[in-house]
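> After the sequence you'll find the predicted model.
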Amino acid sequence: MPYRGSYEAKGTSSGQSPWLGFQEVALTDFVNKSDNYENLDVYMEVHFRNENSKFPTKYNLLGSFDYESDETISGESSLLKKILYLTDALGWDGGVNTKGEWVDGDDKVLKDDVALTLNTHFTQANYGIDNHDTPYYIFVYSKWDDKAKRAYPTVCPKIVKNNDKGRADLESYINFMKAKKYIVEHDANEKVVNGVPSRSTTTSGGTQTSF
């Protein structure tokens, strides 16, 4: 079976842009960009859609695994956790093995591009035409990028099923992440001086990137 490491399976604010905050969404496309980024183990662009925006919300599932001394993936790898968030929300029994290879539920290595498998079984390419189902629940926030000196809509890597249990799980998680300041929402009305917001969007020790 695909590798889960140490991770066990777990189950909009007023006045902000309608495409920010908690969103009930459909999945419309997976784009595998890993071959273009040799320094990353995974770069998968995931497109979500709902009726709050005419444009897709793009989530970049990317990064590199943490490895043990025997060159297998660490059970605590942050990238592994993000992959498990996605596969659990999809209800897909595939994922990655201890070598970081994409496999199906029978541990068979996927010879074709994994995006092809995911697009075939889990996307709604015709969303907005005759299918308005929104099976997934995500949180989108405006995140300040110090290097670019601007804010970008950012999808929290924790993706859940759009049901009572999933919504409660994600909402509790987001409240925790905000309280710990691992998620800091950029205020578009903030005063920016020399390209830097007046209120810091980092915690002590640097910008938080691990969810």
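Nice, thanks for sending it over. Remember, predicted model here, so these are calculated numbers, not experimental data.

> I'd like to know which helix or strand in this structure has the lowest mean pLDDT.
strand 192-193 (a mean of 46; mean pLDDT, DSSP states H and E).

> got the contact list for the spatially most central residue of the chain?
Geometric centre of the chain, nearest residue: P157, 2.9 Å, by CA atoms, centre = their mean. Residues in contact with P157, defined by CB atoms under 8 Å, 6 or more residues apart in numbering, are 59, 61, 81-82, 85, 211. From N, CA and C alone the C-beta is placed, and that goes for glycine too.

> likewise Y173?
Per CB under 8 Å, 6+ apart, neighbours of Y173: 156, 158.

> sec struct for it, please.
helix (DSSP: H, G, I helix; E, B strand; the rest coil).

> Go through the longest strand seen in the chain and flag the buried ones.
Counting residues, the longest strand found in the chain (DSSP state E) is strand 21-32. For strand 21-32, a neighbour-count test (16 or more other CB atoms under 10 Å) marks 21-30, 32 as buried.

> my read: F22 touches F139, true?
Yes - between F22 and F139 there is a contact under CB atoms under 8 Å: 5.5 Å.

> Now do the helices in this protein.
Here the chain has its helices, by DSSP state H, at 78-90, 114-122, 164-179.

> Give me whichever of the ones you listed is most buried.
Mean neighbours per residue, mean count of other CB atoms under 10 Å, is largest over the helices of the chain for helix 78-90, with a mean of 21.

> Can I get that one as CSV, trimmed to CA atoms?
The C-alpha coordinates for helix 78-90 follow below in CSV (Å, rounded to 0.1, in the frame of the first residue of the first chain):
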residue,chain,number,x,y,z
SER,A,78,5.9,17.6,5.4
LEU,A,79,5.4,16.9,1.7
LEU,A,80,4.1,13.4,2.5
LYS,A,81,1.6,15.0,4.9
LYS,A,82,0.4,17.3,2.1
ILE,A,83,0.0,14.4,-0.3
LEU,A,84,-2.0,12.5,2.3
TYR,A,85,-4.4,15.4,2.8
LEU,A,86,-5.1,15.3,-0.9
THR,A,87,-5.4,11.5,-1.3
ASP,A,88,-7.6,11.2,1.8
ALA,A,89,-10.0,14.0,0.5
LEU,A,90,-10.2,12.2,-2.9
